[in-house]
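Peer 1: The following block contains a protein sequence and its predicted model.
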2 protein chains.
Amino acid sequence: MPGRVLGILSGDPHWRLHAGIRGRMATINDVARLAGVSISTVSYTLSGNRSIAESTRNRVVTAIQELGYRPNAGARMLAGTRTRIFALTAPVRPDTQAGVLMSFVLAVATAARKIDYDVLLLTADEASTGLERVTSSRLADGIIALDVSLDDERMSLLRALNIPATVIGVPADTEGLVCVDLDFERAAHLAVSRLADLGHRSIGLLGLPRITYDWGANYPLRFRDGFLGAVAERDIDAAMVMPASDMDSIRRGLDELFSTLPNMTALVMHAGESVQTTVLEILAARGISIPGQLSVISACAVFDTSEFTPPLDEIPLSAEDSGTRAVELTIRQINGDRTPHVDLLPPRYVERGSTGPAPIREP
Amino acid sequence: MPGRVLGILSGDPHWRLHAGIRGRMATINDVARLAGVSISTVSYTLSGNRSIAESTRNRVVTAIQELGYRPNAGARMLAGTRTRIFALTAPVRPDTQAGVLMSFVLAVATAARKIDYDVLLLTADEASTGLERVTSSRLADGIIALDVSLDDERMSLLRALNIPATVIGVPADTEGLVCVDLDFERAAHLAVSRLADLGHRSIGLLGLPRITYDWGANYPLRFRDGFLGAVAERDIDAAMVMPASDMDSIRRGLDELFSTLPNMTALVMHAGESVQTTVLEILAARGISIPGQLSVISACAVFDTSEFTPPLDEIPLSAEDSGTRAVELTIRQINGDRTPHVDLLPPRYVERGSTGPAPIREP
DNA sequence: CTGAAAGCGCTTACAG
DNA sequence: CTGAAAGCGCTTACAG
């Protein structure tokens, strides 16, 4: 099958610039006439769904460029089997970090564009209605759901609607769903094993605000449980604090870690950007050197920890990876493979010099 | 003209739940047959574009509900003159605050849904191509451009394409464009006049990071110039600092303000959320009481300053207001009124007790 | 390798 | 107040 014709219009369609939205756009008929072929030939040239003689193909492509032709989206949706649109639902809950959400939204949109799909944004107040609306009006071919909470009303609807959909995140009940997310549990194990290998026997975990664990998404729990499991397996001393975002809480959280773990030589942070920078400021103010006295790892952050002072080793939560995979999984469903499954992306470790051998304890 | 029929499906379309995306959806023909009318009557019932006998209307509505009918989006786009889709361009530049951007994206989407429009998200790497693509393929009826920089490549394209478009923000050259934004200059005047009325004669401005003024959007400049103009008019002592986001810079910035303005009794902040909370923490640590010793106003923030310690008076930058207005202005253009203009939204003052009379100076 | 034609599901003059 | 019908611009069997 010959490749599809893409990017034909990268030139400079003067014609179009002066047509405006009210102006009559060139149609497939105009192209066919100018190229001296039938409209089916034009259509097949564009879709690549049947072979076209080289010379014919050239005439068509030239005509398309000359006219600045773009297929009409509505006509395509109506005549074809695809709308080439994904709907993206991104509810904003009280504890949502807007910046993190935006990263995922952009990652999904960018991944979608790579396969010539567009992304339609569903708003919070339309969480469930919107899903029903865009699919039954055939506006979207599939759905990508962000920021899934443990018990999410959208999940049962996705199951019932029985349409191509991918969830970024892992709800409590994944039955019948296609989900993708970083493997937070393995990420926690990775952090602990890295530190264990360096000889650390006493590790603190500075987590997200307590409320996030009680209610909302489940990735905080998966990370926490992974961490607790990993330290238990290795017989490492550990403690966890869940401070709010203000400086006082953070300071108290650190104090608690240091007093619970007097021999603490390593700190793992699974927390927001401002919390992490605040921690580093407090440590610096106290004259605690990294990694000399304390090894520090930032885990599952979407933001960039390479510009921190000091730059931190991290196990990134890559919005790009999740978004790309979500798009792949959705397309696969659109193409007919509706097997439900949970896809946990393997964590990776990025070294930046904020971890080192555990300091030798004075007896 | 009778109202359009909306929300017919708010019930529970069992039918649809079992159809799936592959299942055959009810069409306008099915509805017409069941209601015993022609398809034009169904169409007009939905659009409200001609009057329908009450009894006919009822039969149609019942049939629609019974079948769980939703008009096919592609067919509507093709047959009608509207796609009911806005394209939203939101480029992410290095200095972009993702959270702020997300607020605007959601505000636009929410406002759009209120008039039954959907929002298609254009990605950064497609800034200009995307505009051309969605309009010439007639995917979108109009464009809303976010986060406009002073010299934005998208602006000349918007002028050339000559399509319904609204810019949120004010680029350097507004010729031929429709723009909407908070009136940052008046916002600055409002802050200063409020403080002046309370007797303050020495006011500091803590602004955004310096780089934001050198490059990027122009609202920081408009606020700064408004502030400087307002204090000049009133013969008030003033100084401005533009700290980076780390604690050291903020501390140095405050020190600079206090030393430049030894009699400073009021502080206006036009800065990010974490910067503002850090400022409050530093002031608290130094035992400076608000508003006893220092009156503080947060200006043009999209985040919520009511939960700060203490809650701050603010002149909000309302994403909702801008988004709603942008949607209105775009629809107006779609409806034929293409008059270019710049719409500056009036600022409003929200009191929360962080400003008070200027303390009387000891002689 | 290519064309003529049916059909996708609506909207909107046109006619009564 | 309502209906029959043209037409929007594509995709895709069907035919050769």
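Peer 2: Happy to help now that I have it.

Peer 1: Dump the C-alpha coordinates for the helix or strand harbouring A:Thr324 into CSV.
Peer 2: Per DSSP states H and E, A:Thr324 falls inside helix A:319-334. The C-alpha trace of helix A:319-334 is given here as CSV (Å, rounded to 0.1, in the frame of the first residue of the first chain):
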residue,chain,number,x,y,z
ALA,A,319,3.5,12.9,30.6
GLU,A,320,4.9,12.3,27.1
ASP,A,321,5.2,8.5,27.6
SER,A,322,1.7,8.2,29.1
GLY,A,323,0.1,10.4,26.5
THR,A,324,1.8,8.6,23.6
ARG,A,325,0.9,5.2,25.0
ALA,A,326,-2.7,6.3,25.7
VAL,A,327,-3.0,7.4,22.1
GLU,A,328,-1.6,4.1,20.9
LEU,A,329,-4.0,2.1,23.0
THR,A,330,-7.0,4.1,21.9
ILE,A,331,-6.1,3.6,18.2
ARG,A,332,-5.7,0.0,18.8
GLN,A,333,-9.2,-0.2,20.1
ILE,A,334,-10.5,1.9,17.2
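
Peer 1: is that helix up against chain B anywhere?
Peer 2: No: using Cβ under 8 Å from any Cβ of the partner chain, helix A:319-334 stays clear of chain B, coming no nearer than 8.6 Å. Glycine gets a C-beta too; all of them are placed from N, C-alpha and C.

Peer 1: Which elements pack onto the helix or strand following that helix?
Peer 2: The helix or strand immediately downstream of helix A:319-334 is strand A:341-345, counting by DSSP H and E. Secondary-structure packing of strand A:341-345 (3 or more Cβ pairs under 8 Å, 6 or more residues apart in numbering or on different chains; DSSP states H and E): strand A:178-182, helix A:319-334.

Peer 1: Those into JSON lines, with extra columns for distance to A:Leu161, mean neighbour count and mean pLDDT?
Peer 2: JSON lines is the format used below for these (distance: least, Cβ to Cβ, whole Å; neighbours: other Cβ atoms under 10 Å in any protein chain shown; pLDDT from 0 to 100):
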{"stretch": "strand A:178-182", "distance to A:Leu161": "13", "mean neighbour count": "24", "mean pLDDT": "97"}
{"stretch": "helix A:319-334", "distance to A:Leu161": "12", "mean neighbour count": "21", "mean pLDDT": "97"}
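
Peer 1: B:Asn72: which of the ones you listed is closest?
Peer 2: helix A:319-334 (17.7 Å; Cβ to Cβ).

Peer 1: contacts for that closest one?
Peer 2: For helix A:319-334, the surrounding residues in contact (Cβ atoms under 8 Å, 6 or more residues apart in numbering or on different chains) are A:82, A:86, A:100, A:103-104, A:106-112, A:114-115, A:117, A:141-144, A:164-166, A:168, A:178, A:180-182, A:302, A:343, A:345.

Peer 1: rerun that using 6 Å as the cut-off
Peer 2: Applying Cβ atoms under 6 Å, 6 or more residues apart in numbering or on different chains, the contact partners of helix A:319-334 are A:103-104, A:107-108, A:111-112, A:141-142, A:144, A:164, A:166, A:168, A:178, A:180, A:302, A:345.

Peer 1: Quick check, the residue in the stretch 201-350 of chain A closest to chain B?
Peer 2: Closest to chain B within the stretch 201-350 of chain A is A:Ser274: 4.4 Å, counting by Cβ to the nearest Cβ.

Peer 1: ok, now which ones touch that residue?
Peer 2: Counted by Cβ under 6 Å, 6+ apart, A:Ser274 has contacts B:Ser274.
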